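**Student:** when you get a sec, could you give me coordinates for this:
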Amino acid sequence: MSALREILAALLLVGGASVVALAALGVARLPDPFSRMHAAAKAGVAGAGLLLLGAGLAFGTTAAMLTVLAAVVFLVLTAPLASHALGRAAYVAGAPLGAASVADALANVLDRRVLDIDPARTLRPRSKPYTRSGEEPFMSAIPEFRRPADPALRDAPFSAPVALRRLICCLVGGPNQPAATAQAFDLAWRAGGSLTGLSGAGLEPRMWQGPLPIGGAYWADWLTARSRLRIRENCAVALKDFQDMAAATPSLDVAARHEEGQAADLVRTLAGHDLVVLPAGMGPHGVECRPNEEIAASLARARLVPVLRVRRKVTEVRSVLIVVGSQPACGMLATGLLRTGFWPNAEITILPLADHRADVAALVEAQAELLHAAARKLRILPSLEPDFDLAALRSRLAIFDAAVLSCLSTLQGGLFDMVRNCPYEAVSDTVPVILLP
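**Tutor:** Residues are numbered from 1 along each chain as shown. Purely as a prediction, here's the structure:
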């Protein structure tokens, strides 16, 4: 029995030391504070826990085992909480996310500061979601690129329309790309502005990857190469359709370009533009995806430029839906709509989500006041409760030609999201055109 205990103690000590060594390697190699915090937490709980258990077995006394068990319980109860608190503090302080991160679940949930602001960026001043007259606005932590300002509009109200002088149509392919391209040409022709068709294959394959296990580099390169080939094929088809449409509209100032670079190159390309038009349903790897994974959703979260997501081309918009929930960005929906100058003669309908909450009721009231001040036709629907019927909601949404949303989905793909209905996704799947201001 003594020999067996010693062997088990040795295995636990070696296992704990191995976990600590791997965690130390992760702290040294992982790209951002959040993944490094994840590795450090594993060292504090799994690594140190195994070492303590091995030491307790090596001593072999009851007092030693009780002490070790108490220490392990203490680690399990405290180390994850400390790691979570430090990670939250890093996020709020503005620590950058690594290139391997594909989603920011805390976007529009926590106020986030901005570190190392590029000279081309500034902070967007925006009002609180339920600001009343006399209250001071606060500064958003979301960066926005400066746009060339018309001197005549510098002193205009924040909700005054801004002329659409420069538009971009993202040529990412998919079944909805022809509708998005046609909508972009129609908007540019009506506004008398310029239109750029932008296609691209995204980042280099190595830039798409995070830390890889031993032997995983080959398969990761193979998958990213296939993804880039698929993206290039989609872009080639979309770019040809764009050029054909441009040839049929010689009076319009149209340019087409293809970019294959880093994310900073795309950011510089979007800077200074007034609107981005994208097809609905396409993700960054050239395949159709859920609304919260779309390119349109990523650009909307970045708040670089207003985004128009097109599922079906609409020539005349008679009815517009504004969905107001508890997200902070919902406080800017009416302002974003008025700033674009879209659909001035359309009837606007506000759909509150759970308006028994004080913040949602205040948001609805603030949006209604702003729209009434702009002399827009307005009505407010009864609140949509969390247990809504999805089929009934989609039948109600069929009358709307366009919608204004703060996001395309509030679901993050977890286990419980499989049995939940998201009103934002219902709108995204039903309404032809969506503005994400």
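
**Student:** quick check: phi and psi at the residue nearest to residue 409 when sequence neighbours are not counted.
**Tutor:** Leaving out its chain neighbours, the residue that sits closest to residue 409 by C-beta to C-beta, 6 or more residues apart in numbering is residue 292, at 3.7 Å. In short, each C-beta sits where N, CA and C put it, glycine included. Main-chain dihedrals, residue 292, degrees, to the nearest 10: phi -70, psi -10.

**Student:** could you count how many residues lie near residue 292?
**Tutor:** When counting by other C-beta atoms under 10 Å, one arrives at 22 neighbours for residue 292.

**Student:** check it and give its pLDDT.
**Tutor:** Listed pLDDT for residue 292 reads 84.

**Student:** could you do residue 413 as well?
**Tutor:** Listed pLDDT for residue 413 reads 61.

**Student:** now the one 5 residues further on
**Tutor:** Per-residue confidence for residue 418 comes out at a pLDDT of 57.

**Student:** how about residue 10?
**Tutor:** The score at residue 10 is 89. That number is its pLDDT.

**Student:** flag every buried residue along the host helix or strand of it.
**Tutor:** In this assignment (DSSP states H and E), residue 10 forms part of helix 2-29. For helix 2-29, the buried set under the neighbour-count rule, 16 or more other C-beta atoms under 10 Å, comprises 9, 12-13, 15-16, 19-20, 23, 26-27.

**Student:** now the helix or strand following that helix and helix 2-29, what's the angle there?
**Tutor:** Next helix or strand after helix 2-29 toward the C-terminus (DSSP H and E): helix 33-42. Angle, helix 33-42 to helix 2-29, by axes from the mean of the first three to the mean of the last three C-alpha atoms, to 10 degrees: 170 degrees.

**Student:** before we move on, back to that, among the buried residues of helix 2-29, which two are most distant?
**Tutor:** Using C-beta to C-beta, the two most remote members of those are 9 and 27, lying 26.9 Å apart.

**Student:** can you map out the strands along the stretch 301-437 of the chain?
**Tutor:** Secondary structure of the stretch 301-437 of the chain, counting by DSSP state E, counting those that start in this stretch: strands at 307-310, 319-324, 347-352, 378-380, 402-404, 433-436.

**Student:** of all those, which one comes closest to residue 255?
**Tutor:** Relative to residue 255, the nearest member of these by C-beta to C-beta is strand 307-310, separated by 18.7 Å.

**Student:** same for that closest one, what does it pack against?
**Tutor:** The criterion is 3 or more C-beta pairs under 8 Å, 6 or more residues apart in numbering; DSSP states H and E, and the helices and strands that strand 307-310 contacts are helix 177-191, strand 275-279, helix 295-302, strand 433-436.

**Student:** please identify the most buried of those.
**Tutor:** Most buried of the helices and strands packed on strand 307-310, by mean neighbour count (mean count of other C-beta atoms under 10 Å): strand 275-279, with a mean of 26.

**Student:** mind checking the pLDDT average for it?
**Tutor:** Average pLDDT, strand 275-279: 91.

**Student:** give me the contacts around it.
**Tutor:** 164, 167-170, 172-177, 179-180, 183-184, 187, 270, 294-296, 299, 304-311, 340 (C-beta atoms under 8 Å, 6 or more residues apart in numbering).

**Student:** run the last query once more with 6 Å
**Tutor:** With contacts defined as C-beta atoms under 6 Å, 6 or more residues apart in numbering, strand 275-279 is touched by 164, 167-170, 174, 176-177, 180, 184, 295-296, 305-310.

**Student:** could you give the angle of it to helix 295-302?
**Tutor:** Inter-element angle recorded for strand 275-279 and helix 295-302: 150 degrees (by the same axes, to 10 degrees).

**Student:** now the angle from strand 275-279 to helix 177-191?
**Tutor:** 160 degrees.

**Student:** name the strands paired with strand 275-279 and say parallel or antiparallel.
**Tutor:** Paired neighbours of strand 275-279 in the sheet (DSSP bridges): strand 166-170 (parallel), strand 307-310 (parallel).

**Student:** so which of those is the most packed in?
**Tutor:** Using mean count of other C-beta under 10 Å, strand 307-310 ranks as the most buried of the strands paired with strand 275-279, with a mean of 26.

**Student:** who's in contact with that one?
**Tutor:** Residues outside strand 307-310 that contact it (C-beta under 6 Å, 6+ apart) are 179-180, 183, 275-280, 296, 299-300, 433-436.

**Student:** next one: it to chain centre, how far?
**Tutor:** Computed by C-alpha atoms, centre = their mean, to the nearest Å, the chain-centroid distance of strand 307-310 equals 14 Å.

**Student:** if we can go back for a sec, can you list the buried residues of helix 2-29 in a markdown table and add distance to residue 260?
**Tutor:** Formatted as a markdown table, the buried residues of helix 2-29 follow (distance: C-beta to C-beta, whole Å):
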| residue | distance to residue 260 |
| --- | --- |
| 9 | 56 |
| 12 | 50 |
| 13 | 50 |
| 15 | 45 |
| 16 | 46 |
| 19 | 40 |
| 20 | 41 |
| 23 | 36 |
| 26 | 31 |
| 27 | 33 |
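
**Student:** output the below-cut-off pLDDT ranges for the stretch 251-400 of the chain.
**Tutor:** 261-268, 271, 355-358 (pLDDT under 70).

**Student:** let's see that with 50 instead.
**Tutor:** Residues of the stretch 251-400 of the chain meeting the criterion pLDDT under 50: none.

**Student:** how about the helices in it?
**Tutor:** For the stretch 251-400 of the chain, helices defined by DSSP state H, counting those that start in this stretch occupy the ranges 263-270, 295-302, 333-340, 358-373, 390-397.
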